[in-house]
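**Q** model this:
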Amino acid sequence: MKVSTFAIKLWRWVSMLAFAAVLTYTYSNFDQNVAVHFTPQKQPDAFLQRDVLFYICVAIFLVTNTLVGLVARLFPRVPSAALPIPNQNLWAGHRTQLNELTQNWFYALMAAINTVMALALWVLGQLNKQLGNSALGGHEWLLPVCTLIFAIVIVALPIRLMMKPANEE
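**A** Okay, here's the model as predicted:
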């Protein structure tokens with residue numbers, strides 16, 4: 001197993017465990033109604049019951065992981081000629097490497113989604129702890145970090161596909 005494959009699989013499993021741990025932790029610490037939206041004056045203006053929030057998060061987790069995993073497993077069945085990728089003819093001759101590369105990318109996408117959901121839940125939990133405090137804060141980093149995670153993962157596959165396949169030994 002390649003180091004990159006191991007690292008991505010490890011990230012995927014750690015992100016799943018982290019999401020489950022953060023979901024359990026925040027659920028146990030939330031009040032019955034959870035503030036999910038705030039005004040510019042940092043006052044909560046939209047609430048969800050914690051059970052509803054829990055089921056929404058679990059549903060998003062299950063649907064995204066199932067769909068991305070399904071696409072990752074079905075990708076090797078797509079004929080090489082039907083793939084809209086750069087260097088298509090070159091990659092067609094290295095199909096096993098292409099399959100591993102795309103499977104790793106799908107697993108990285110799955111890990112990114114899980115990581116972002118865990119971070120968002122963590123921040124939501126921290127904001128709900130601060131309710132009543134006039135200086136809600138500590139969440140400004142969330143959007144740039146989540147955007148960076150998704151940007152790196154999404155851009156990684158096209159960049160790698162523009163390169164030539166590695167020599168197989």
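**Q** which strand or helix spans the residue most central in space within the chain?
**A** The residue lying closest to the centre of the chain (Cα atoms, centre = their mean) is Ile113, at 1.3 Å. Applying DSSP states H and E as the criterion places Ile113 in helix 95-129.
**Q** starting at the chain centroid, how far to that helix?
**A** Put simply, helix 95-129 sits 2 Å off its chain's centre (Cα atoms, centre = their mean, to the nearest Å).
**Q** how about stretch 35-44?
**A** Distance, centroid of stretch 35-44 to centroid of chain: 25 Å (Cα atoms, centre = their mean).
**Q** rounded mean pLDDT for that stretch, please.
**A** Average pLDDT, stretch 35-44: 82.
**Q** SS state for Lys164?
**A** coil (DSSP: H, G, I helix; E, B strand; the rest coil).
**Q** which other residues reach the lowest-mean-pLDDT helix or strand in the chain?
**A** Of all helical and strand segments in the chain, the minimum by mean pLDDT, DSSP states H and E falls on helix 88-92, at a mean of 85. Helix 88-92 is contacted by residues 80-81, 83, 85, 97-98, 161, 164-165 when judged by Cβ atoms under 8 Å, 6 or more residues apart in numbering. All C-beta atoms are positioned from the backbone trio N, CA, C, and that covers glycine.
**Q** can you flag the buried ones in those?
**A** 98, 161, 165 (16 or more other Cβ atoms under 10 Å).
**Q** for Asp51, see how far away the first one is.
**A** In this structure, Leu98 and Asp51 are separated by 44 Å, where distance is defined by Cβ to Cβ, to the nearest Å.
**Q** ok, the last one next?
**A** In this structure, Pro165 and Asp51 are separated by 49 Å, where distance is defined by Cβ to Cβ.
**Q** likewise for Leu124?
**A** Here the criterion is Cβ to Cβ. By it, Leu124 lies 15 Å from Asp51.
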